[in-house]
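**Q** Kindly return the folded structure for what I paste below:
(one chain, ligands or ions: 1)
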Amino acid sequence: MKCISAVWLSRTDLTNLNSGEGEANFIDVKKYKRNGVEFPYVSGQAMRYYFKEAIRRNLDREEYMCVPNEKGETCGDISKCVGCDLFGFMTTIKKGTIIPGYPNGHPGGAITRVSPVKVSPAIGLLPFDENSVVDFLTRRHRFEGGKMEGDIVNVEIGTNIYKCGFAIDFARVGGEERVDEKTRSVKLEYYLQPEIRKKRAYKVIESLRFLSDYSKQARLLTDFTPDLIIIAFQNKYSHRIQKALDLSGNSLDVNRLDAVLKDVKSYSEKIIAGILPRVVENEKEVKSKLTELGIEVKRTDEAIEDALKYLKDYKIQ
Ligand SMILES: [Zn+2]
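**A** Residues are numbered from 1 along each chain as shown. Model prediction:
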């Protein structure tokens with residue numbers, strides 16, 4: 001198995017998950033345009049942050065994940081640190097520091113690691129104008145003498161169905177590519193036992209159920225976890241599954257689903273699907289299409305738990 005990939009839809013209630021530039025008293029929603037129509041989105045950077053925080057909240061007692069310093073640099077020790085291993089880094093290492101790959105101490109300088117976990121931005125699939133409103137809130141300040149005064153701030157909020165996804169480059173979890181000077185070829189060197197490497201990937205899948213650290217939750221409490229999800233354990237590293245889900249109105253495009261999943265299936269050991277009732281209008285049709293493709297359809301939580309079990313039982317050769 002080289003890659004674990006997932007794509008999902010999440011329907012939100014009224015919220016503002018990721019603000020744009022805005023102005024002093026106006027908090028907008030980040031938007032992109034398609035054929036001149038605006039749709040909301042949540043940046044990939046924000047999505048990575050949600051994943052990291054969900055993993056941090058669910059660390060086991062013996063697990064460690066560093067917090068970036070004031071320069072935004074992390075520890076860079078992939079054997080010790082769950083975050084640096086899964087999400088990569090750009091950091092400077094002090095001369096002599098012992099980190100994986102440098103048993104006699106690093107010569108000092110900048111090191112980078114490409115993130116084995118890649119996440120997509122969350123793309124709103126329904127037009128923003130037709131699914132939003134501008135609300136206002138008051139920011140109260142206490143002045144001398146205890147007098148309260150407030151500014152009115154306008155906030156764009158909307159409901160939508162977002163498409164999101166991730167790909168875990170499983171072959172690189174717990175390892176790093178090293179150039180063999182003798183043969184001038186690249187080889188993966190692992191610094192963790194197979195069971196720990198699996199556990200790192202497990203953390204990412206598990207966090208899907210517990211994503212929660214979005215901005216503005218004090219007033220706009222939102223559930224942004226998957227409502228319709230497809231997870232694939234692939235023998236090839238590929239992002240193809242990201243194209244499996246597309247809406248036409250409030251219905252899922254089953255022809256698209258069929259074509260993409262047939263493609264992904266040809267190099268996948270296992271595909272798992274989950275769906276929450278009434279997320280898309282043609283739920284019945286979606287379920288029968290998935291069943292026809294030999295993919296069992298469960299509730300979303302059951303699908304995620306099934307994926308975790310599959311990974312737990314998986315034997316790394
Ligand atoms: Zn770290």
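**Q** contacting residues for Ile99?
**A** 76-79, 93, 106 (Cβ atoms under 8 Å, 6 or more residues apart in numbering). Every residue, glycine included, has its C-beta placed from N, CA and C.
**Q** any idea how far the closest residue to it other than its chain neighbours lies from Pro100?
**A** What sits nearest to Ile99 in space, not counting adjacent residues and going by Cβ to Cβ, 6 or more residues apart in numbering, is Asp77, at 5.1 Å. Using Cβ to Cβ, to the nearest Å, one gets 7 Å for the distance from Asp77 to Pro100.
**Q** If you rank the contacts of Ile99 by neighbours, which is first?
**A** The residue in these with the most neighbours, by other Cβ atoms under 10 Å, is Ile78 (27 neighbours).
**Q** how many neighbours does the closest residue to the ion within the stretch 201-317 of the chain have?
**A** Closest residue of the stretch 201-317 of the chain to the ion, Cβ to the ion: Lys203 (13.9 Å). The burial metric for Lys203, expressed as a neighbour count using other Cβ under 10 Å, is 24.
**Q** Helix, strand, or coil at Leu257?
**A** helix (DSSP: H, G, I helix; E, B strand; the rest coil).
**Q** about what we covered before: with secondary structure and pLDDT as extra columns, can I get the contacts of Ile99 in TSV?
**A** Output for these, formatted as TSV (DSSP: H, G, I helix; E, B strand; the rest coil; pLDDT from 0 to 100):
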residue	secondary structure	pLDDT
Gly76	coil	93
Asp77	coil	94
Ile78	coil	95
Ser79	coil	95
Ile93	strand	90
His106	coil	91
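**Q** Show me which of the residues you listed is closest to Gly150.
**A** Top of the list for closeness to Gly150, among those and by Cβ to Cβ, is Gly76 at 45.3 Å.
**Q** Give the residue spans of the stretch 1-150 of the chain that score low on pLDDT.
**A** Counting by pLDDT under 70, the stretch 1-150 of the chain contains no low-confidence range.
**Q** Show the contacting residues for the residue of the stretch 151-300 of the chain found nearest the ion.
**A** When distances are taken as Cβ to the ion, the stretch 151-300 of the chain approaches the ion most closely through Arg200, which lies 12.5 Å from it. For Arg200, the contact set (Cβ under 8 Å, 6+ apart) comprises 82, 85-86, 173-174, 192.
**Q** From what I see, Thr74 and Cys84 are in contact.
**A** Yes. The pair formed by Thr74 and Cys84 meets the contact definition of Cβ atoms under 8 Å, at 5.2 Å.
**Q** higher neighbour count, those two?
**A** Of the pair Thr74 and Cys84, Cys84 is the one with more neighbours under other Cβ under 10 Å, namely 23 against 20.
**Q** Let me see the backbone angles for the more buried one.
**A** With angles defined as degrees, to the nearest 10, Cys84 shows backbone torsions of phi -70, psi -40.
**Q** Kindly report the same for Arg56.
**A** In this entry, Arg56 is assigned phi and psi values of phi -60, psi -40 (degrees, to the nearest 10).
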